[in-house]
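In: Okay, predicted coordinates and the sequence, questions at the end:
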Amino acid sequence: MTQAESLHSDADAHAMLLDILFGYWSSHILRSLATLSVADHLADGPLTAAELAARTGGVTDRTFRLLRAGVAIGVLKSDGDEHFETTPLLDTMRKDSQRSLYPVVVGMTAPWITLSWRLLPEAIQSTMLPANSALGTDLFNYLEGNPEEGRQFSEMMAALTTLWAGDAADLIDTTNVGCAIDVGGASGSLLRLLQERNPRLRGVIFDRPNVIREIAPPIAVSDFGSRTDFVGGDFFASVPAGDLYLLKMILHDWDDEHCVTILQRCREAMEPGGRIVIIEMIMGDPQTPGFVALMDLNMLVACPDGRERTLDEFDALLRAAGLQRTETHPKPLGHSVIEACAT
């Protein structure tokens with residue numbers, strides 16, 4: 001490599017690192033655009049900053065600066081004069097979109113997660129629990145004490161189910177299932193996807209009592225309400241009886257001991273011939289870890305004992321709970337489906 005090539009390479013490396021570093025600016029621009037419902041306001045056509053400010057209660061100059069920054073990161077377009085218009089990227093945040101990312105943008109930039117991420121260096125150097133230190137308690141107790149953020153968290157998880165695990169419903173056979181238990185299911189998004197595919201399927205959404213109080217009323221009057229029961233409780237103590245247990249993005253919240261307990265409670269309550277379905281990302285080779293490695297750090301930050309796991313580590317959990325893996329549907333870019341039954 002010549003000296004000129006070396007200098008050019010160094011400049012590229014510096015620019016690339018700065019692009020990564022400034023990424024959080026873009027995240028908060030998205031949060032502001034989502035909070036102001038800009039995607040919805042622009043759905044019917046371009047608007048000026050003054051027009052948008054009037055609709056959102058904003059300051060015109062500052063609204064203009066936000067919209068201009070949105071153009072800079074590629075989620076908005078400008079006509080070069082006064083008007084701003086939407087893009088396919090911004091349209092993903094429309095609230096009326098079937099796969100809207102609005103709840104994900106709001107949830108993943110909320111204070112409960114951003115404040116916790118700031119403590120990552122200290123967490124790496126000690127056994128300090130970032131979320132507990134940032135929030136004054138563990139994440140789930142914090143969300144229970146802050147109902148609005150708890151609602152946003154549930155909506156985020158429902159949106160992520162559609163985005164990351166929606167096609168998992170196509171892989172889960174419910175032909176002979178009498179009752180499916182959505183363990184820690186929040187709004188029951190996965191259960192409802194299964195019920196869409198099988199109109200005869202009955203189900204139970206099982207979650208913390210405060211979550212059930214929040215989500216039960218709107219679902220009870222929906223098309224799924226007549227086939228869905230709502231049960232509040234503690235999955236470390238017991239779970240309702242059923243023949244299909246859905247554990248979607250549950251085990252990655254907990255350490256091995258707690259995971260085994262959850263699996264044991266499901267095994268104890270499971271009807272003969274029943275099975276457990278685990279939907280999680282599977283950690284791959286350290287040389288090419290992919291997005292799951294970032295999610296693993298997110299779990300370290302957000303949950304006291306959270307982590308992502310390899311398939312071998314899932315097998316060890318199942319064995320410890322008296323279960324065995326019977327089928328695996330791996331998905332490199334999303335959540336894989338692991339099925340297990342009692343040994």
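Out: Done, it's in. Numbering: from 1, shown residues only.
In: Every contact and neighbour count from this point should use C-alpha atoms.
Out: Fine.
In: phi, psi of N146?
Out: For N146, the backbone dihedrals are phi -130, psi 80 (criterion: degrees, to the nearest 10).
In: Pull the number of nearby residues for F314.
Out: By the measure other Cα atoms under 10 Å, the count of residues near F314 is 21.
In: Just confirm it is within a strand.
Out: No: counting by DSSP: H, G, I helix; E, B strand; the rest coil, F314 falls outside a strand, being helix.
In: Grab the nearest non-local neighbour of G334.
Out: W164 (5.4 Å; Cα to Cα, 6 or more residues apart in numbering).
In: For V104, see how far away the one you found is.
Out: 12 Å (Cα to Cα, to the nearest Å).
In: quick one, domains of this protein?
Out: 3-97, 160-286+305-342 (the TED database).
In: for the chain, which spans come out with low pLDDT?
Out: Scanning the chain with the threshold set as pLDDT under 70 gives 1-9, 165-166, 332-333.
In: need the strands for it, in chain order.
Out: 47-48, 77-78, 83-85, 179-183, 202-207, 228-232, 242-248, 270-280, 323-329, 336-342 (DSSP state E).
In: Which secondary structure elements does the third one sit against?
Out: Contacting strand 83-85 under the criterion 3 or more Cα pairs under 8 Å, 6 or more residues apart in numbering; DSSP states H and E are the following elements: strand 47-48, strand 77-78.
In: partners of that strand in the sheet?
Out: In the sheet, strand 83-85 lines up against strand 47-48 (antiparallel), strand 77-78 (antiparallel) (DSSP bridges).
In: From L52, how far off is V59?
Out: 9 Å.
In: These two: who's more crowded?
Out: Comparing V59 with L52 by neighbour count (other Cα under 10 Å), the higher total belongs to L52, at 24 against 13.
In: H41 is in contact with the more buried one, correct?
Out: Yes: applying Cα atoms under 8 Å as the test, L52 and H41 come out as touching, 7.4 Å apart.
In: Which among the helices and strands packed on strand 83-85 is found nearest to A216?
Out: strand 47-48 (38.6 Å; Cα to Cα).
In: Other residues contacting that closest one?
Out: 82-85 (Cα atoms under 8 Å, 6 or more residues apart in numbering).
In: what about burial for the residues you listed, which qualify?
Out: 83-85 (16 or more other Cα atoms under 10 Å).
In: Just give me the neighbour total for the closest residue to L89 other than its chain neighbours.
Out: Nearest residue to L89, sequence neighbours excluded (Cα to Cα, 6+ apart): V75, at 5.4 Å. Here the number of neighbours of V75 (other Cα under 10 Å) works out to 22.
In: ditto for G284
Out: 17.
In: Who are the contact partners of it?
Out: G284 makes contacts with 290, 310, as judged by Cα under 8 Å, 6+ apart.
In: where does the residue lying closest to S26 once chain neighbours are set aside sit relative to D19, distance-wise?
Out: Leaving aside its sequence neighbours, S26 sits nearest to I73 (Cα to Cα, 6+ apart; 6.8 Å). With distances taken as Cα to Cα, I73 is found 11 Å from D19.
In: Give me the more crowded residue out of these two.
Out: For I73 and D19, the more surrounded residue by other Cα under 10 Å is I73, and the numbers stand at 14 against 11.
In: My read is that that one contacts S27, right?
Out: No: I73 is beyond contact range of S27, at 10.0 Å (criterion: Cα under 8 Å).
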